[in-house]
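K.L.:
Pasted the sequence and its predicted model underneath.
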Amino acid sequence: MNQAVKAIPVNEHVGFWQKANCRLLAKTLGELSWEEVIVPKEVAPEELGGGLFILELKSGVSYRFHAWRTIWDQLIVDNASISRSYLNNHCDSALEASQFFIDAKEELGLDSATLANFLEELANTLMAEVKVQKNYHQKTAAELIELEDDELQCYLDGHPKVTVSKGRLGWGQEDYQDYATEFLPDIQLEWVALSRENCQLSLAVDLRENDLINAFLNSVDQAKLTDRCRQLNVDSSQFFLMPVHPWQWSNRLVNLFASDIAAGHIVHLGSYGDPMLPQQSLRTLSNKKRPEQLNIKLPLSILNTSCYRGIPGRYIQAGPMVSRWLSEIAASDPVLSHRRTIILEEPAGAFYPNPQFEQITDAPYRYHEMLGCIWRQSVHAKTGETERAVLISTLFQKDGYGYPLICEYIHRSGLATEQWLSKLFDVVVVPLYHLLCKYGVGLVAHGQNITLVLDNHQPVRVALKDFQGDLRLIDQDFPELDSLGDYARSVTVRLPAAHLIHDLQTGHFVTVLRFISACLAEKGFSEHRFYQLLGEQLQSYMNRHPELENRFKLFDLFTPEIARVCLNRVRFKLGYGDTSERPLPELGTPLKNPLAITLTEE
């Protein structure tokens, strides 16, 4: 266990526990009503604290709370206003998020097994939430935005839509302290030698294998690793050296790859290298001592935010060529180069299939994704001295006093809110839409895949990442795709335009902008004006590119309605059984499109 981090005493910080429950309960009421699995009724008109709502459940329990409804049909619930009663008798006990799911079992369609598993995931989430709150308690937005991005990620709340956003089934308290983002751990990687005969490896043409080692090991550690290889007769011509996550090694690889270890196809070399810090996505780690060095994305066979976090082998060979292709487009395309769009390339990937589970083609997907690695460029190697990079989800984070960080960025920039937002939309949304329309490339542009680069606290450009599995292509023969290699096109998911557009609408508008506009609305900035500004930037871009008129019709962002994609409902419906494929979201009733609403009002 990491001795530098102490566990939170059981009887300490009761206030943090209660606050974590109230915050999570407010999030739950808002998101589950948005996903239409619960239907709170407004019983009093909206006032300063929002309208009064009551949710009556079949269990005889009811919840009352104040909330206001956003342009996205989302209820923003006042944490402090929530109360619970049973058969109309007020309950004085402290609110607990777990009790809500027990109370609402019938409405949510939960069987007993699913509910019990869900409560375990919820308990883990609350343990992490307590730590997150302790991190930023009494920290102001002004203090938080001074942190470097890698550290700032450890202060973020996490997935805004999934109720159990830090479930991490398979981990206990010591695992959280040793490996979870919010504990700011120092993680030292384990190293293994993999038989080249059994390992899939893909490198960018200008990258050497030794570059992958240099990114994590200084000269002293490299000498130790070389000496260890010599002791174990590991010949570099026969073996490839790769890092693995220490938890994955101890809890999955040692036993499930035991036959290959016994046969000498996998050789454990020990732990070496710089301390690594987990990013918000948990399984991607950055170098704490040398942040400009390559990041790594490693499998963690734990269930977290709806699926097991492995690395599939399907995209490994294509990864470097896809990201290099995008990087060349960003450098040569006038729209992207003018905005200095950054592509965080994935110059190397490796994958080692399990010889037993590979023979079971329909085995649960987690057994096919246990041992691999993706190397990714660090945003710190791509930004200038005066620039700061932050995950875009940082913008809707609030400090310990409830003040959104986006408001502090705007204040410090010296710009008016409208000016700041116009810059944001121009450098982030326009490049994403241009990639979609010009090249038929869809990126799942959620809060962890989009990094905003600021200069003097003003948005100046965007860094895009995660192209192995989170990049999809149009299923039509766009000539602009001809420059991408045949193999890369063959393994990348192809989707019709009506589906591909959701990578932007759902992945970014609903999952990121929905929460940013709500934060600003709470501070007095109109949501209608927010989406008018977005529409203006998109229309300005479209007017400058009449040659793409047919593509704009194909990918129409101004339709009256868009899909309501629901994540929490999937867990309630599917439960916790193993499947051969990752679960897919469900659809609710269509959403009124804010871009269309504001367009008709102009």
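P.N.:
Received it, and whenever you're ready, just let me know what you need.
K.L.:
Please name the strands paired to whatever helix or strand residue 84 lives in in the sheet, noting orientation.
P.N.:
Take DSSP states H and E as the rule and residue 84 turns out to sit in strand 83-86. Applying DSSP bridges, strand 83-86 is found paired with strand 61-69 (antiparallel), strand 89-90 (antiparallel).
K.L.:
So for that strand, what gets flagged as buried?
P.N.:
residue 84 (16 or more other CB atoms under 10 Å). Any C-beta I mention is one placed from the backbone N, CA and C, and that applies to glycine too.
K.L.:
And stretch 385-404, by the same measure?
P.N.:
In stretch 385-404, counting by 16+ other CB under 10 Å, buried: 388-400, 403-404.
K.L.:
ok now that stretch, how far from the chain's centre?
P.N.:
Remark: stretch 385-404 is offset 15 Å from the chain centroid, using CA atoms, centre = their mean, to the nearest Å.
K.L.:
And for stretch 347-356?
P.N.:
Mean-position distance between stretch 347-356 and its chain equals 23 Å (CA atoms, centre = their mean).
K.L.:
how long is that stretch end to end?
P.N.:
29 Å (CA to CA, to the nearest Å).
K.L.:
which stretches of the protein have low pLDDT?
P.N.:
1-13, 46-49, 92, 580, 600-602 (pLDDT under 70).
K.L.:
Can you give the domain ranges for it?
P.N.:
With domains defined by automatic domain parsing, the chain comprises 14-139, 173-379, 384-601.
K.L.:
Rebuild those as TSV, extending it with distance to residue 167.
P.N.:
Listed next are the domains of the chain as TSV, based on distance: least, CB to CB, whole Å:
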stretch	distance to residue 167
domain 14-139	3
domain 173-379	6
domain 384-601	9
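K.L.:
Would you mind saying which of the strands paired with strand 83-86 lies nearest residue 573?
P.N.:
Closest to residue 573 of the strands paired with strand 83-86 is strand 61-69 (CB to CB; 22.3 Å).
K.L.:
What ranges does the stretch 51-200 of the chain have for its helices?
P.N.:
97-103, 105-108, 112-136, 141-144, 149-152, 173-179 (DSSP state H, counting those that start in this stretch).
K.L.:
Now these in JSON lines, please, with extra columns for distance to residue 581.
P.N.:
Output for the helices of the stretch 51-200 of the chain, formatted as JSON lines (distance: least, CB to CB, whole Å):
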{"stretch": "helix 97-103", "distance to residue 581": "26"}
{"stretch": "helix 105-108", "distance to residue 581": "23"}
{"stretch": "helix 112-136", "distance to residue 581": "19"}
{"stretch": "helix 141-144", "distance to residue 581": "39"}
{"stretch": "helix 149-152", "distance to residue 581": "33"}
{"stretch": "helix 173-179", "distance to residue 581": "27"}
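K.L.:
Which one of the ones you listed lies nearest to residue 455?
P.N.:
With CB to CB as the measure, helix 149-152 is the member of the helices of the stretch 51-200 of the chain nearest residue 455 (14.0 Å).
K.L.:
Need the CA coordinates for the closest one. CSV is fine.
P.N.:
The C-alpha coordinates for helix 149-152 follow below in CSV (Å, rounded to 0.1, in the frame of the first residue of the first chain):
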residue,chain,number,x,y,z
ASP,A,149,-3.5,19.8,-15.8
ASP,A,150,-2.3,16.4,-14.6
GLU,A,151,-2.8,17.3,-11.0
LEU,A,152,-6.0,19.3,-11.6
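K.L.:
distance between that helix and the chain's centre?
P.N.:
Offset of helix 149-152 from its chain centre (CA atoms, centre = their mean): 15 Å.
K.L.:
what packs against that helix?
P.N.:
Here helix 149-152 touches strand 387-391, going by 3 or more CB pairs under 8 Å, 6 or more residues apart in numbering; DSSP states H and E.
K.L.:
which residues sit against the strand it packs on?
P.N.:
Residues outside strand 387-391 that contact it (CB atoms under 8 Å, 6 or more residues apart in numbering) are 145, 149, 152-153, 156, 280, 379-380, 383, 447-448, 450-455, 457, 460, 463.
K.L.:
Could you tell me which of the residues you listed count as buried?
P.N.:
145, 149, 152-153, 156, 280, 379-380, 383, 447-448, 450-454, 457, 460, 463.
K.L.:
out of these, which are inside helices?
P.N.:
Among the buried ones among the contacts of strand 387-391, the members found in helices (DSSP state H) are 149, 152.
K.L.:
And for the nearest residue to residue 190 once chain neighbours are set aside, the neighbour number?
P.N.:
Distances taken as CB to CB, 6 or more residues apart in numbering place residue 249 nearest to residue 190, at 4.6 Å, with adjacent residues excluded. Using other CB atoms under 10 Å, residue 249 is surrounded by 20 other residues.
K.L.:
again with residue 235
P.N.:
Residue 235 has 10 neighbouring residues, counting by other CB under 10 Å.
K.L.:
returning to that earlier point: and the strand holding residue 84, how far out from the chain's middle?
P.N.:
With CA atoms, centre = their mean, you get 34 Å for strand 83-86.
K.L.:
the helices in the stretch 451-600 of the chain, which residues?
P.N.:
All helices of the stretch 451-600 of the chain, identified by DSSP H, counting those that start in this stretch, fall at 486-491, 497-500, 502-504, 514-522, 527-543, 549-554, 568-574, 594-601.
K.L.:
Could you dump the ones you listed into CSV and include distance to residue 302 and mean neighbour count?
P.N.:
As requested, the helices of the stretch 451-600 of the chain are exported to CSV (distance: least, CB to CB, whole Å; neighbours: other CB atoms under 10 Å):
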stretch, distance to residue 302, mean neighbour count
helix 486-491, 26, 13
helix 497-500, 29, 16
helix 502-504, 26, 21
helix 514-522, 25, 21
helix 527-543, 36, 18
helix 549-554, 39, 15
helix 568-574, 15, 19
helix 594-601, 36, 17
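K.L.:
just to revisit the earlier point, which of the strands paired with strand 83-86 sits most buried?
P.N.:
Most buried of the strands paired with strand 83-86, by mean neighbour count (mean count of other CB atoms under 10 Å): strand 61-69, with a mean of 20.
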